[in-house]
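Q: sequence-free structure coming up:
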């Protein structure tokens, strides 16, 4: 018996509607319906509440619904990928801030400027890698709290902003390289 059939059976045994049970475990009825229709699986916190409500063993729930453990691992992988992506983005923004504020705080030497530009470029590659990894991980993993249209719009917005930022970074890098190459005396 998988987790969806266990949930249906126990909910009916306790004479509860999906709405009533969803309120008790603090999720929306759509999420609970997805669990019962085997579209998604509950997270570990919801499983603990369900086990307590229905007097079930958590071991049995995890073993009978074998894809639950896999989904928990996938959620952890998604979470760690988001952390890496956010760290790379913040680092890239800090490097860009240093690059853009050069005229205010003083110009960098040519080697420092080259290292900073290489850091920005390599960091952009890291952001692209983790962004693609996040998309791959979430592609087959339905985000229960986010409708498909919102998810598509978020991806499209990210691509547009990423392109704009990439173009701006390229222009800034070319400007400073041009400035230093022609003002640098050999």
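A: Received it, and whenever you're ready, just let me know what you need. Please read all numbers here as calculations on a predicted model, not as lab measurements.
Q: any idea how far residue 35 is from the residue lying closest to residue 58 once chain neighbours are set aside?
A: With Cβ to Cβ, 6 or more residues apart in numbering as the criterion, residue 58 has its nearest non-adjacent residue at 4.7 Å, and that residue is residue 51. Just so you know, the C-beta spots here come from the backbone N, C-alpha and C atoms, and that holds for glycine as well. Between residue 51 and residue 35 the distance is 14 Å, computed by Cβ to Cβ, to the nearest Å.
Q: still on that earlier bit, which helix or which strand is home to the residue nearest to residue 58?
A: helix 44-53 (DSSP states H and E).
Q: what do you get for residue 74?
A: Here residue 74, judged by DSSP H and E, is contained in helix 66-100.
Q: Report the angle between that helix and helix 44-53.
A: Helix 66-100 and helix 44-53 are oriented at 150 degrees to each other (axes from the mean of the first three to the mean of the last three Cα atoms, to 10 degrees).
Q: same for helix 66-100, what does it pack against?
A: The helices and strands touching helix 66-100, judged by 3 or more Cβ pairs under 8 Å, 6 or more residues apart in numbering; DSSP states H and E, are helix 58-64, helix 110-139, helix 148-183.
Q: mind putting these in JSON lines, mean pLDDT, mean neighbour count and distance to residue 85 included?
A: Rendered in JSON lines, the data for the helices and strands packed on helix 66-100 read as follows (pLDDT from 0 to 100; neighbours: other Cβ atoms under 10 Å; distance: least, Cβ to Cβ, whole Å):
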{"stretch": "helix 58-64", "mean pLDDT": "71", "mean neighbour count": "14", "distance to residue 85": "29"}
{"stretch": "helix 110-139", "mean pLDDT": "84", "mean neighbour count": "15", "distance to residue 85": "4"}
{"stretch": "helix 148-183", "mean pLDDT": "75", "mean neighbour count": "12", "distance to residue 85": "11"}
